[in-house]
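> Requesting a structural model of the entry that follows:
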Amino acid sequence: MSIKIITAHPIFNENAVVMSQKYKWELEKDFDPKPNDLYIVFGAHEISHQLLDAQYRNKSSFGYIILNSEQTNSQFFKNKYYLKLMKTNVVCDYNAITPEWLRTNHDIRVFSYFYFEFMKFNVETKREYDVVFVGSENEKRSSIYKQLKEKYPDLNIYFDLEWKHQSPEKLTDLLHKAKVVLNMPYYTDNALETHRINKALSCDCQVISLRSCDEDANKFYDDYITFTDDIVSQVGKELEPKKNYEDLVKALSQKINPHFLFVIDQVHKKLISLSSTNGTPTEAVQEPTTTDSDISSNAETQVSMGDKV
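Take a look at the predicted model:
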C-alpha cells in the first residue's frame, strides 16, 4: 500500500527522479501493479491503453494520479483510451487552460496542479551557443531560425528541430552550453510551456519566450524569463537580470505543493480504506463512468499522433 511513480516517456524521466527523491516515493521501472498502491504517472497519454488494461484485469484494485502534460490541441485527446483513463482516475495538470477545456469538452475533472521540477547542477562550462531551441519542427519555427541566422551571422545559433536531444542527459549537456533558450509554442492558443522553460532555467540559461494565452502564468513567470512578441528582434537586445531557478522552485512549491500533496494523501487513504469494502479507487474520487467493453488485454491499442512541443 505505497505511493509509486512511473514515467512513460524519457522526456519526463528527470521530473520523475526529482519527485521520487523529494517525497521518498518509489520510482518503479517495471510496472507491476499491486493492490491498493497509488501510481503517479508522467506521460500517461503514451501508454493509456496499457494503464487501463492493467486496471481492468486487476478489477481497479489500485489507482493512478494522471499528470496530464497535453495541451488542448493535442491529438491524444482524440484517443478514447486516454480520455477513459482520465475519467476514471484522478487528474492533475500543469496549467490553468487545459482543465476548463477538459471539463467543458469531455466532462473530465482536474483535481489539482503540479509543476515540472528538474535537477540543479552547478556546472562550469563554456557557453558556446548564443541561442538554442529544441522542439518539433513547424513552419513558424523554421522561419524564425532562418531569420535569426540571416540577421545575426556572428551569433552561434543552434536549433534542434528533430529532437536529437530528447534524453535528459543529452538535453542537459546541450543547455549547459547555451546562453539563451527560446520558448516558441508549436500551436497557437497555447498554455505556457513550462517544461521547456523550467529545464532551461535549471541549467542557468536565460529564456526568451512568446506570451501564452494564460495571463496569470505570464505574469508569474515575468520575474524569471523575458517575454516578447518578436523573438527575432528580442535576440538582439540585452536581457535584464531575472530571478533564478532556486527562486522559481521555491515560489512554485509554495503555490502548488500544499494542495497537490493533500490530493495525493486523500486518494491514498481512500485506496487503503476501500481495500476492506470491495470498492474501487475511482469510486473514491469521481463519479463512476460508463465502461467500455473493448478495454481488455485483447483489445487492439489505438495509437494516435503525439502532441508537438
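> Find the nearest non-adjacent residue to the residue most central in space within the chain, please.
Computing the C-alpha centroid of the chain and ranking residues by CA atoms, centre = their mean puts residue 69 first, at 3.8 Å. Leaving aside its sequence neighbours, residue 69 sits nearest to residue 94 (CB to CB, 6 or more residues apart in numbering; 6.3 Å). For the C-beta atoms, the positions are set from N, CA and C on the backbone; glycine is no exception.
> Could you check how far that neighbour is from residue 137?
From residue 94 across to residue 137, the span is 24 Å (CB to CB, to the nearest Å).
> ok so, going back, surely the residue nearest to residue 69 is in contact with residue 116?
Yes - counting by CB atoms under 8 Å, residue 116 is a contact partner of residue 94 at 6.5 Å.
> Pull up the overlap in contacts between those two.
Shared contacts of residue 94 and residue 116 (CB atoms under 8 Å, 6 or more residues apart in numbering): 194, 195.
> for the stretch 101-250 of the chain, what spans make up the helices?
Secondary structure of the stretch 101-250 of the chain (DSSP state H, counting those that start in this stretch): helices at 139-151, 168-175, 194-202, 215-221, 231-235, 245-274.
> which one of those helices lies closest to residue 83?
helix 245-274 (19.9 Å; CB to CB).
> Mind giving me the packing neighbours of the closest one?
Helix 245-274 sits against strand 38-42, strand 63-68, strand 90-93, strand 110-113, helix 194-202, helix 281-285, with contacts defined as 3 or more CB pairs under 8 Å, 6 or more residues apart in numbering; DSSP states H and E.
> so can I have JSON lines of those showing mean pLDDT and distance to residue 246?
Converted to JSON lines, the helices and strands packed on helix 245-274 look like this (pLDDT from 0 to 100; distance: least, CB to CB, whole Å):
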{"stretch": "strand 38-42", "mean pLDDT": "97", "distance to residue 246": "23"}
{"stretch": "strand 63-68", "mean pLDDT": "96", "distance to residue 246": "23"}
{"stretch": "strand 90-93", "mean pLDDT": "97", "distance to residue 246": "24"}
{"stretch": "strand 110-113", "mean pLDDT": "96", "distance to residue 246": "20"}
{"stretch": "helix 194-202", "mean pLDDT": "97", "distance to residue 246": "9"}
{"stretch": "helix 281-285", "mean pLDDT": "51", "distance to residue 246": "34"}
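> More neighbours: which of residue 94 and residue 137?
The neighbour count for residue 94 versus residue 137, taken as other CB atoms under 10 Å, is higher for residue 94 (22 against 15).
> in the stretch 101-250 of the chain, which ranges drop under the pLDDT threshold?
For the stretch 101-250 of the chain, applying pLDDT under 70 flags no range at all.
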